[in-house]
Structure formats: structure tokens, C-alpha cells
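In: model the following, please.
(4 chains)
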Number of protein chains: 2
Amino acid sequence: MGQRPDTGEEDNSDVRRFVERFALALHDAGVPRMPARVFALLLSTDSGRLTASELATGLGVSAAAISGAVRYLVQAGLVIRDRDPGARSDHYRLPGDLWYEVYFQRTPLIEQWERAAAEGVDILGADTPAGQRMQETRAFFAFFRGEMSRVVERWREHREQLRQAGELPG
Amino acid sequence: MGQRPDTGEEDNSDVRRFVERFALALHDAGVPRMPARVFALLLSTDSGRLTASELATGLGVSAAAISGAVRYLVQAGLVIRDRDPGARSDHYRLPGDLWYEVYFQRTPLIEQWERAAAEGVDILGADTPAGQRMQETRAFFAFFRGEMSRVVERWREHREQLRQAGELPG
DNA sequence: CACACGTTTCACGAATTTGTGAAGCAATGG
DNA sequence: CCATTGCTTCACAAATTCGTGAAACGTGTG
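Out: Modelled structure (predicted):
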């Protein structure tokens, strides 16, 4: 954890325990284990930006584990890979507008659910009780997808208010 | 699948494929495999209510697998266990207001995330960049929890509109 | 009351996920 | 140009999850 001053074993141990705990919560939400740990570690660093080597050291795992994890996170849009000109190392960093991006990246997943439900209506029969329940399920996902867009826009507004009220750093 | 007329192997096979597909989507969202399959099967039956034995037959698995799965779903509040007086079998059914209940049951999970983030602020230091990012994370979850309550209330209204417009069965 | 039924629990094998060490590959820098 | 660096890939072992069959348990019914 090159970005954190090492203020002692106990402090470091608290942070590491927190990282693992947060990663478990992400895992419960469906994120595979190593990507969850990488994301939680990035969240817990001052820079929000680490090399693969730093990630491996910070989590106490091999470079191979990091390679798989960051591939997942980059593909999911949860982490951005960049590199300074002339540098040897890729850096992995959090999106600038973090939670906006995280939830924005959920949209294709919800669309996928919506399509699955729509196909379910055909398969089950639009005039059957099961088909009608599935119709409602499709309508819910369509509705939810639209609402999520609005929620994350409102989050930005809300965050701005919190910043002006001094409750979040600006 | 006692509730579905068996209209032929191909039709049944489509439904079963759909169930497995939907279950995979639930699994991607963090639901363990067997509970996801049970939930998807209940969704796909006309009654939305099956015994353990019917669930086992419908999914082609053992009674033991169903026992574990329904324990998870009942504890998560996603399925309700009931029994007719004098019957030998428990039935497992979907909540009446399905998607309202599903998302309502997510609230404790969001609260858990919020608490984890609050603890992270302490651990990382409220005046560090990492701590401030975690402060924003906590604020996001608090905001999101409130918004989710509103979203599911709005869903009910929206669904009522769809019903009156004839786009959903009433 | 005895028996059958409908699970649930237990012990464990099968399947899948996770993460490793070593080799391979691409590119940086002297 | 070439040695070194910083990964990525590969083959596979370790860990975890998943699901089974059999036994145990609780209860409904004749």
C-alpha cells in the first residue's frame, strides 16, 4: 500500500480487515472474490490508483490473481486502466465520479434482465398467470432501469448540496 | 411442474431452459445457485406456489437441495412458507406484491453497506483522501437507501397506471 | 398407536471457483 | 540492441460451493 503512510502494524491491520470486509459485501452483491478485493483496496487508498504490483502487495496475492481481477473490473467498467507515457507499469484507478459510474455500469445488466423477462412472457404464454407475472417482471425492470438513471442524477445533485453544506469535501 | 399443463417435451424444455437462464441472472446478482433456481421456477409457474417435492421434481434435484435453497429464500424474505391445515406438505410461494417485496428486502443489505462505509471513514481517517472518498461512499448508500424506498413506492403507482391502461393484467 | 409421508440433517463426493508458480510475452530504458 | 521489468497465460492444486443418498426427525392419518 504505497499510497498509505504505514503508521503501524495495528493501523495497517485495521485497514486490511476493512478491505476484506468491504470485499465480502461486494461479493455478496455478485462481484467475484478477487475483483471485489481489488476494488475495495483501491477504495481504501488515498490516490485510488495503484499498479498491479502494488495491488498484489497490498492484498498479499500473486500477480496472476491481480491480472484476472483487473481484467474483470476493467471490462465491467468499474476500474480504469491507464499508463503514464514511458512508464513500465499500468495503473488501475477508480472512475472519477465513482458511484455514478458504478451504477451507470449496472444498466446493461438490468437490460439483460428485462430481455430475459420479455422472452419468458413468450415462452410461458402471455395469457397464463405465469406469463402475466413475467410481464409484470419485465415492466418492473423497464421501470427500474429508468428510475436508476434518475437516481444517479439526483445523487449528483444531492452530493453537490452536501458539499455546499460542508458535509462532504468539495 | 404440477401447475403447468405439460404441452409437450419441447415446450417444457423451453420453460426449463428459461428457468435456468433466469436463475443464472439471479446468480450473477449474488443469489446462491439453488435458491436462484427455486425462485426462477416459482416465477415460472402459474400458481407461484409449489411444495418441496414439486420444486425438486421441477428442477430435477434432490429434496436435500430444495431444503437448503428454501431455507435461504425464506430467511431472505424472498419466498414465504405456508401450509394448509391438515396437510403434510409445506408450500413455498412468492410474495403477493412480488417486486416490491424483493426490493424491500434489500434495505438491510444497503444499511449494512452504509455501516461498513461509516466504519471505513474512522479506520482510514476522516481527513485523508481515502477517508473522504469513503465518506462519500457512506453518503451514497444513505441516499440510495432512501431513494430505493421511493422507487418501489413509485413502482406501485406506475404499475397501477399500466393496469388501468391495460398493459398489465389487473 | 403404528406406519407412511415429507422433509431436514449429516457426511461426503462432485463441481466450480480461486489463486498459485512458472513460463511466456510485450515493451521500456540504458 | 538487449537485459530487465511488469505483467499475462497456462496448467494445475487448493479452497469453496453445490448437491447427493441415507438416516433421522416430526407429524399426519387410518
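In: going by C-alpha atoms from here, please, whenever you check contacts or count neighbours.
Out: OK.
In: ok, the residue in chain A positioned nearest to DNA strand D - how many residues close by?
Out: Sorted by distance to DNA strand D under Cα to the nearest atom of the strand, the residues of chain A start with A:Ser67, at 3.4 Å. A:Ser67 is flanked by 16 other residues according to other Cα atoms under 10 Å in any protein chain shown.
In: same check on A:Ala130?
Out: A:Ala130 has 24 neighbours, counted by other Cα under 10 Å.
In: the one 4 residues further on now?
Out: Look at A:Met134: counted by other Cα under 10 Å, it has 26 neighbours.
In: quick check: which element contains it?
Out: A:Met134 is part of helix A:129-164, with elements assigned from DSSP states H and E.
In: tell me what angle that helix forms with helix B:129-164.
Out: 140 degrees (axes from the mean of the first three to the mean of the last three Cα atoms, to 10 degrees).
In: do helix A:129-164 and chain B meet at all?
Out: Yes: contact check for helix A:129-164 against chain B, using Cα under 8 Å from any Cα of the partner chain: residues in range are A:129-137, A:139-140, A:143-144, A:147, A:151, A:155.
In: ChimeraX command to pick out the buried ones of those?
Out: In ChimeraX, a selection of the buried entries from the residues of helix A:129-164 next to chain B looks like this (16 or more other Cα atoms under 10 Å in any protein chain shown):
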select /A:129,130,131,132,133,134,135,136,137,139,140,143,144,147,151,155
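In: and which of the residues of helix A:129-164 next to chain B is nearest DNA strand C?
Out: Comparing the residues of helix A:129-164 next to chain B against DNA strand C with Cα to the nearest atom of the strand picks out A:Ala130 as the nearest, at 21.5 Å.
In: which residues sit in contact with that closest one?
Out: Residues near A:Ala130 by Cα atoms under 8 Å, 6 or more residues apart in numbering or on different chains: A:Val121, A:Leu124, B:Leu43, B:Ser44, B:Thr45, B:Asp46, B:Ser47, B:Gly48.
In: from what I see, the fourth one and A:Gly125 are in contact.
Out: Just to be clear, that refers to B:Ser44. No: with the criterion set as Cα atoms under 8 Å, B:Ser44 and A:Gly125 do not qualify as a contacting pair; they are 10.3 Å apart.
In: out of the two, which sits in the busier spot?
Out: Neighbours of B:Ser44 and A:Gly125, each counted by other Cα under 10 Å, are more numerous for B:Ser44; the result is 28 against 15.
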